[in-house]
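1. Next comes the sequence, and after it the predicted model I'd like to discuss.
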Protein chains: 2
Amino acid sequence: MFIKANAIQLTTLQSNLRSQRRLSPMCIALTVSSFFSANLVAQTVTLSSPNQHIQISLSDDTGRAEYKIDFHGKTIIEPSRLGLVFQSIGELGQGLRIKSSHITSTDDKWQQPWGEQEWIKDQHNQLSVVLTDGKIDLNLEFNAFDDGIGFRYHLAEQAALPVDTPLSITDELTEFNIGQSNKATAWWIPSRGWNRYEYLYRTSALNQVDRAHTPFTFRLADGTHLSIHEAALVNFASMTLDQQRDGKLKADLTPWSDGIRVKTQAGFYTPWRTIQIADKATGLLNSHLILNLNEPNKLGDVSWIKPGKYVGIWWGMHLNKNTWGSGPKHGATTSETKRYMDFAAKYHFDGVLVEGWNQGWDGDWFHNGDQFSFTKAYDDFDLPAITAYGAKKGVRLIGHHETAGSVTHYRKQMADAFILYEKHGVTQVKTGYVADGGQIKRFDENGIMRHEWHDGQFMVGEYLYNVTEAAKHHISINTHEPIKDTGLRRTYPNWISREGARGQEYNAWGSPPNSPEHTAMLPFTRMLAGPMDFTPGIFDLAPKGLDAENRVQTTLMKQLALYVVLYSPIQMAADLPRNYQKHLDAFQFIRDVPTDWYQSIALAGEVGDYVVFARQAKDQKDWYLGALTDETARKVTVKLDFLDPHKRYQAQIYRDGAKADWKTNPYDYVIETKEVSAKDSLNLALASSSGTAIRFKVL
Amino acid sequence: MFIKANAIQLTTLQSNLRSQRRLSPMCIALTVSSFFSANLVAQTVTLSSPNQHIQISLSDDTGRAEYKIDFHGKTIIEPSRLGLVFQSIGELGQGLRIKSSHITSTDDKWQQPWGEQEWIKDQHNQLSVVLTDGKIDLNLEFNAFDDGIGFRYHLAEQAALPVDTPLSITDELTEFNIGQSNKATAWWIPSRGWNRYEYLYRTSALNQVDRAHTPFTFRLADGTHLSIHEAALVNFASMTLDQQRDGKLKADLTPWSDGIRVKTQAGFYTPWRTIQIADKATGLLNSHLILNLNEPNKLGDVSWIKPGKYVGIWWGMHLNKNTWGSGPKHGATTSETKRYMDFAAKYHFDGVLVEGWNQGWDGDWFHNGDQFSFTKAYDDFDLPAITAYGAKKGVRLIGHHETAGSVTHYRKQMADAFILYEKHGVTQVKTGYVADGGQIKRFDENGIMRHEWHDGQFMVGEYLYNVTEAAKHHISINTHEPIKDTGLRRTYPNWISREGARGQEYNAWGSPPNSPEHTAMLPFTRMLAGPMDFTPGIFDLAPKGLDAENRVQTTLMKQLALYVVLYSPIQMAADLPRNYQKHLDAFQFIRDVPTDWYQSIALAGEVGDYVVFARQAKDQKDWYLGALTDETARKVTVKLDFLDPHKRYQAQIYRDGAKADWKTNPYDYVIETKEVSAKDSLNLALASSSGTAIRFKVL
């Protein structure tokens, strides 16, 4: 009624102004909307997390809608702008006022078919707000959990924007206003870089960040840890962060080749913009915020999706011992694959990945992905014979589709490629999009070549298309050079893993290789997004010698710890089989460790320094622990109170010897056993760039 | 004839392919163009500088056009891509082949109405090339000078692109492939930053650069110094540089708010992409490459454009002693301006700048430039009375137009504002565009608000419009928060100076203030583009105390040296007049030093470390020398062989005392005289963050 009365007043005002003939239509529009907005009383609405520690306040008393976040009563995100900019209608931002709001609560739990945790608690309060600038309504939804918040925009169909009105988004105005940013520390990788997500993490004051990818993790002066990311990135551009004045970070959407950020229509939802919040670093790890903001499983029966472990014809190429392409050193041959399958069968690995099986790897594939065939194998790779051999041995071939970023070319063959794999019992495929940032190659509807970003809206759609097409054939997808993970494995559980950071391969040829701190950084940054196919488990750490630049900058024990620390439902034993033969005692841990869990707990750690994880096997019996450190040797005392208090366990401990050091003595390790219970503690002594791996076997 | 014969063959091929009905139109187009290109023999054309030390090679033997640069027979720019991408026609890049080329030579000299040098030598060789991808011809022009090179694209009107065909550029493919980039050192500021060009320069390995503005200066391992920039930036977006793999830098054009980079039409020329090349750092300073690539003066008689020195009501506001806005501390009052005019008249300064004279400074002008009036003064500022007073004293009022980035608003008043100033004898205006990067506010033809970058195509046009409109009123423009200088002062000599870097004001309130190395960095970076209104000459170096964060991080002598080191045809004595009264002996140098020169020579220096300039007054009598250093104290021996060998001079030396130190003892200075001739040398002892200023007065 309030609104209706004003509408009548506005009509009168509008005709009065027009009759004066002195104001332009634009001025009338502005006058009308300011009049309208001015009649909305300034409001603040607040939303608390279930435990009340987090409070979101949405306010329009500055004449525009801003949100802020308090934690334990202290403001941690200062008043921050909201809004979007459209090519046709201009800016929805300045002048947005709160029109209406309501709050609901959820207290639920749901089950994952695979993951770090089987049962996920979803307890949150939701604030739904309608904002308006007098002409257009813009909805906002805020969800407050105990471990952080998420919010998203929804531009509903309305009178001014009927169903299917096309909309081009040219900017997003969302800010994250950190405040005291010179005293906050951030760990970040640069966005819009030629090397996509594959950078070593930088540590700096927050106000020294230029532009960054998410997850974007930082720590305030008082120790509060936060991480900005997004959930459910579907049909939208990826959000990166750009530094503004005074510690404000602003959302920067990755553009299409024509410069537009997002091509959508009235009725759209943005992805959730998320902020994990915790008292300490491990609080970021013990969180399911991203998954809880994703839609439930859309694939129905997913019993065909299998976690597991694999080996593969892969590392040899990175070491330059083999080639992807044809010739005397071709890695992907029938006989070599059978040899790997024998090894896999003997040691109970589920699959063998083979790269270089298909025609197209000869010549300059990096610059010409159009030469790949996804259905024709090289002459020395007999796909039917290999998969039949594997079937007899209980080992599956893992497929490989490298696109080199030629995605139109891949799309044309995709259906046939999946049909071929399905026919031969290949149920898991590793895909690749090797191309520099901004160099994905597609042909548009007019046949014009365009170059896109891996994380622009086009590729967001293309990656998901690949996953949903694969699902039709009961195939799971492990995406390399991917879009960042935003939790879509909940909705599409066949999206089982991805790369999206510097992985093990950089230790073969990277300049520099991964640093000692890299895998102590990943859990608090990249891994907050979801599982990573890091491919751990290199046992010949320095093929060119301990002093070589190109080597694995860890001890052997750290390689074991990675199986627990860096979660993935599929884990590779990445090295050449013969190198495992040399350390079968250590290899036993890899043979034992599961890749699917009932529950997981991060017990201790600091960003980029060290981390300790404990995870319980799906059958709720054994526990596993992984601890690792950066270049600093550390002693960490771990209480075993996560163990079942009614049980006793044999702790099978894989740890450093007294002289272990990644640089000079990376193979000095001790394997010992010890009977323990939940009442015990263990003192872990981690050498420089080393780790400890423990299996707690129920007695 | 070669081409004609092939056209016949192509028509036949095309109809054969279509009759097969198996190829899509796109495939036919690709096939036709590859056939056509394949019939052009791979070519390399080379162009040398007049002294042959620099050689440009343009080659298409990789199947696309690439250029490389050799210096003294050694490759310094590795093969680098060329090309442009258009929304409608796609990429002109891959597949570009050389169709024809020819070379011409120029040996000329031309005269500047004002500058660092009166007569400029223009000696260069030019290579004009027509490239083609079989459908469209793209022209390239390379100019090779002894001090560097420039090249630009020209997309001529042609059958496929008739006159006025609109074209939207979505990307530029130009690369600068440095090679050995981990061994090259770069000095740079980040592009697309919120603080525009106002960053302290970063020193890093070249491969650690993320995205950078130009001038972009770097040094190769062998000591060769280069600087990448552009000349004659007109009706185009600014070029910034983005890091690619392996030391390649790629052109990145600043976008419009809708994402398009450049809106143009068939027949356009790009600005010149320039690379200064020198054996040593001072070689970059003794270069006129940028000016030589600009168009000659378009304004005709420019005798109304006057170099000079000024004081102003400005620093007091930055120190918070005065306000721009109205009230008891209002700086811009009639009586205060007259006081400044008295001071200017007494000490022979040409002008008095007054900021805060006009209505609109009250309230939040930073966020609302629409509140400024450019024609209505505050009640306590009597413009006619002041300018009449000044006229009697031979001192001009310098005007001020602060827009706060509200450029549509400014444009509406611009004509009236210039008419008002012209009427009152104001012949020089300082403009301002204070707004964060990407926050210029304009209203488009439909009245929709858009936000643009200061260095996007829109503002490139807006700044030039301001200058050409001012010229109609015989007004010179000093632009603050400008587009970077690209030498357009040659074409529009009333564009007398600009800011475009961190200036003196940061020493009042900057966090941090300018560092000791900042003004040793500027000559090799920012100043390669053109003059800067740095506003030197602060004599009260530490108003809040020597230990305060906010203070000028130099000695007094360095402030004098700045008048010679940082060239500008207009130089401010920036401090409050009373602070000059305290050091009238040192002030004498500021009174004496000219701002217009017959010739200039950089005698010595290294980037970010130290620099020594010698400049000769326009009447070819006296010389002036300025030397300054960063935080490192240095001794520099300077040969005076630049002096006229037939004359004797009294060297009036303003130098450090024995205990001078910027932190603790910045006022320890000695003024002495000495008779010298061209045969002599002087040993300059520069204290930490200090300098020496010398007038060589003809005897």
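-> Received, thanks. Note that the structure is predicted; figures quoted are calculated from it, not measured.
2. contacting residues for A:T555?
-> Counting by Cβ atoms under 8 Å, 6 or more residues apart in numbering or on different chains, A:T555 makes contact with A:541, A:656, A:660-662, A:665-669, A:687, A:689-691. Quick note: C-beta positions are derived from backbone N, CA and C, even for glycine.
3. By neighbour count, which of those residues wins?
-> Using other Cβ atoms under 10 Å in any protein chain shown as the neighbour test, the contacts of A:T555 are led by A:S690, with 32 neighbours.
4. just to revisit the earlier point, from the contacts of A:T555, pick the one nearest A:A221.
-> A:S689 (28.9 Å; Cβ to Cβ).
5. residues contacting that closest one?
-> A:516, A:553-555, A:558, A:629-631, A:662.
6. tally of neighbours for A:R339?
-> 14.
7. residues in the stretch 451-600 of chain A within reach of chain B, list them.
-> Residues of the stretch 451-600 of chain A lying close to chain B (Cβ under 8 Å from any Cβ of the partner chain) are A:H451.
8. From the contacts of A:T555, which land in helices?
-> Among the contacts of A:T555, no member is found in helices (DSSP state H).
9. circling back: looking at the contacts of A:S689, state which has the most neighbours.
-> Using other Cβ under 10 Å as the neighbour criterion, A:K558 leads those with 32 neighbours.
10. I'd guess that one is in a helix, am I close?
-> Yes. The assignment for A:K558 is a helix, going by DSSP: H, G, I helix; E, B strand; the rest coil.
11. So the nearest residue to it once chain neighbours are set aside versus chain B, what's the distance?
-> Of all residues not flanking A:K558 in the chain, A:G691 sits nearest, at 3.9 Å (Cβ to Cβ, 6 or more residues apart in numbering or on different chains). Per Cβ to the nearest Cβ, to the nearest Å, A:G691 is found 30 Å from chain B.
12. do the same with A:H225
-> Distance, A:H225 to chain B, by Cβ to the nearest Cβ: 25 Å.
13. Kindly report the same for A:Q650.
-> Taking Cβ to the nearest Cβ, one finds A:Q650 at 50 Å from chain B.
14. Wait, a strand at that residue?
-> Yes. According to three-state DSSP, A:Q650 belongs to a strand.
15. Tally up the residues packed near it, please.
-> A:Q650, neighbours per other Cβ under 10 Å, totals 15.
16. Beta-bridge partners for it, please?
-> Beta-bridge pairing for A:Q650 (DSSP bridges): A:E675, A:K697.
17. near chain B, which residues of the stretch 251-400 of chain A show up?
-> Checking the stretch 251-400 of chain A against chain B by Cβ under 8 Å from any Cβ, the hits are A:255-261.
18. quick check, nearest of those residues to chain B?
-> A:G259 (1.9 Å; Cβ to the nearest Cβ).
19. can you pull the pLDDT of that closest one?
-> The model reports A:G259 with a pLDDT of 98.
20. do A:R64 as well
-> Confidence score, pLDDT, at A:R64: 89.
21. Please verify my assumption that it contacts A:L96.
-> Yes. With contact defined as Cβ atoms under 8 Å, A:R64 reaches A:L96; the gap is 5.4 Å.
22. Can you pull the residues that touch both of these two?
-> A:82-83.
23. Looking at those two, which is more packed in?
-> Neighbour totals were compared for A:R64 and A:L96, and A:L96 leads with 28 against 20 (other Cβ under 10 Å).
24. I'd like the distance between that one and B:N446.
-> According to Cβ to Cβ, to the nearest Å, A:L96 and B:N446 sit 21 Å apart.
25. Show me what counts as buried in the helix or strand hosting A:A471.
-> The secondary structure element spanning A:A471 is helix A:457-472 (assigned by DSSP states H and E). By 16 or more other Cβ atoms under 10 Å in any protein chain shown, the buried positions in helix A:457-472 come out as A:457-460, A:462-464, A:466-471.
26. Can you tell me which of these is closest to chain B?
-> Distances from chain B to these, taken by Cβ to the nearest Cβ, are shortest for A:Q457, at 12.3 Å.
27. Would you confirm that that closest one contacts A:W256?
-> Yes. Applying Cβ under 8 Å, one finds A:Q457 in contact with A:W256, separated by 6.4 Å.
28. where exactly do the helices run in the stretch 451-600 of chain A?
-> A:457-472, A:506-509, A:518-521, A:556-565, A:577-581, A:584-592 (DSSP state H, counting those that start in this stretch).
29. And the ones you listed: which comes nearest B:R695?
-> helix A:518-521 (57.9 Å).
30. elements contacting the closest one?
-> In terms of contacts (3 or more Cβ pairs under 8 Å, 6 or more residues apart in numbering or on different chains; DSSP states H and E), helix A:518-521 is packed against helix A:556-565, strand A:623-629.
31. Can you add mean pLDDT and give the ones you listed back as CSV?
-> Supplementary listing: those in CSV, determined by pLDDT from 0 to 100:
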stretch, mean pLDDT
helix A:556-565, 98
strand A:623-629, 98
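32. For chain A, name the helix or strand with the lowest mean pLDDT.
-> Using mean pLDDT, DSSP states H and E, helix A:2-20 stands out as the lowest-scoring helix or strand of chain A, at a mean of 39.
33. quick revisit: and the residue nearest to A:K558, what does it touch?
-> So A:G691 contacts A:554-555, A:557-562, A:565, A:626-629 (Cβ under 8 Å, 6+ apart).
34. Quick check: neighbours shared by A:Q457 and A:W256?
-> Joint contacts of A:Q457 and A:W256 (Cβ under 8 Å, 6+ apart) are A:237, A:263.
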